[in-house]
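A.B. asks: missing the sequence, but the structure's below:
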């Protein structure tokens, strides 16, 4: 149905603006979007954008975060890429992943994994792709 693409500097205020913009696009494009799916998508995208800004690009406003949302009747596919060196996603995460409820870091990826149908990373770990099936549109 549609593709949304944006790039923004690694700044938490810009991240919030980008999140608002992409959620508005998803809401308008996936007509009849289930409220729970919308809340899940907001949380997933928020966690991933924050990881890209804070951990990937270390809040360096000279580095960019690029993301896209591909919206269809049956699902939403999100890709987020930062300019950082990545992380060891093979040993650090996996969906489903052991719970990190009491860890200081890593809970965001557990949230993403629990609310998404597919989560994959590129080799270095500075790009993540997420698929979320929609309940009412498919």
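C.D. replies: Happy to help now that I have it. Here the structure is a predicted model, which is why all the values come from computation and not from measurement.
A.B. asks: where does the protein dip in pLDDT?
C.D. replies: Low-confidence segments of the chain (pLDDT under 70): 92-106, 136-138.
A.B. asks: return the set of buried residues in the longest helix along it.
C.D. replies: In the chain, assigned by DSSP state H, the helix with the most residues is helix 12-29. Within helix 12-29, the residues that count as buried by 16 or more other CB atoms under 10 Å are 14, 15, 18, 19, 22, 23, 25, 26, 29. Any C-beta I mention is one placed from the backbone N, CA and C, and that applies to glycine too.
A.B. asks: wait, what's in contact with the first one?
C.D. replies: The reference is to residue 14. Residues near residue 14 by CB atoms under 8 Å, 6 or more residues apart in numbering: residue 8.
A.B. asks: cool, and residue 71?
C.D. replies: Applying CB under 8 Å, 6+ apart, the residues contacting residue 71 are 1, 2, 3, 4, 25, 26, 29, 30.
A.B. asks: just put the residues you listed in TSV and tack on distance to residue 73.
C.D. replies: Formatted as TSV, those follow (distance: CB to CB, whole Å):
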residue	distance to residue 73
1	6
2	11
3	14
4	16
25	15
26	13
29	10
30	8
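A.B. asks: determine which two of the residues you listed are furthest apart.
C.D. replies: Greatest spacing in the contacts of residue 71, by CB to CB: 3 and 30 (12.7 Å).
A.B. asks: so the two - more neighbours on which side?
C.D. replies: Neighbour totals were compared for residue 3 and residue 30, and residue 30 leads with 25 against 11 (other CB atoms under 10 Å).
A.B. asks: so how far is residue 71 from the more buried one?
C.D. replies: 5 Å (CB to CB, to the nearest Å).
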